[in-house]
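>>> what shape does this take:
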Amino acid sequence: PWLPSATAQDTIALGQERGCLAVQCRYTPGWESHGKWWCRGADWSSCKILVQTTASEPEVKRDRVSIRDNRENRTFTVTTEELRLDDAGVYWCGIARVGTDHGDQVTVTVDPGKSMCTKPRAYINRNKHVFTPTTLDPRDNF
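Here you go, the predicted structure:
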């Protein structure tokens, strides 16, 4: 199952105002063909879905937010462009399934200041959360 022993500690993703932010979520084998989603709200069961994939559409963009499911390495990446201060808040990366969906929390913080793209990756694994920010190379292909 999806993230069966996720820790209670939230993953934090930090981006710069007017920049872009990418959060990458991992999933376990067997979930490749399921839809993936990114939503906003304090409670994941009632959060607003901003963007989601389907079995036939692994890459979707809506407004400033895109989601791309890389089924080969079992990760999906959510990218928000032109970050605004009001983008800060609680989000969830999740996977659709019969019954209750699985989701994991990500707290997004937006710092005011110069435009700078960063590529924070919130790796959501079976046993722990690991957050590794790296600089975004414009040549990267999400």
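>>> every contact and neighbour count from this point should use C-alpha atoms.
Fine.
>>> need the next SSE after the helix or strand where C25 lies, C-terminal direction.
Taking DSSP states H and E as the definition, C25 sits inside strand 21-26. Heading C-terminal from strand 21-26, the first helix or strand you meet, by DSSP H and E, is strand 36-40.
>>> so what are the sheet partners of that next one and their directions?
Strand 36-40 has the following sheet partners, assigned by DSSP bridges: strand 48-52 (antiparallel), strand 89-95 (antiparallel).
>>> pull out the buried positions in the last one.
Read that as strand 89-95. Buried residues in strand 89-95, counting neighbours by 16 or more other CA atoms under 10 Å, are found at 90-95.
>>> just give me the closest of the residues you listed to V23.
C93 (8.8 Å; CA to CA).
>>> hmm, the closest one is touching V108, no?
No - using CA atoms under 8 Å as the test, C93 is too far from V108 to be in contact (11.9 Å).
>>> re earlier: what would the buried residues of strand 89-95 look like in TSV with distance to T28?
Shown next, in TSV, are the buried residues of strand 89-95 (distance: CA to CA, whole Å):
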residue	distance to T28
V90	23
Y91	20
W92	17
C93	14
G94	12
I95	11
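>>> which helices and strands does the strand holding C25 pack with?
For strand 21-26, the packing partners by 3 or more CA pairs under 8 Å, 6 or more residues apart in numbering; DSSP states H and E come out as strand 11-16, strand 75-80, strand 121-124.
>>> so how far is it from its chain's centroid?
4 Å (CA atoms, centre = their mean, to the nearest Å).
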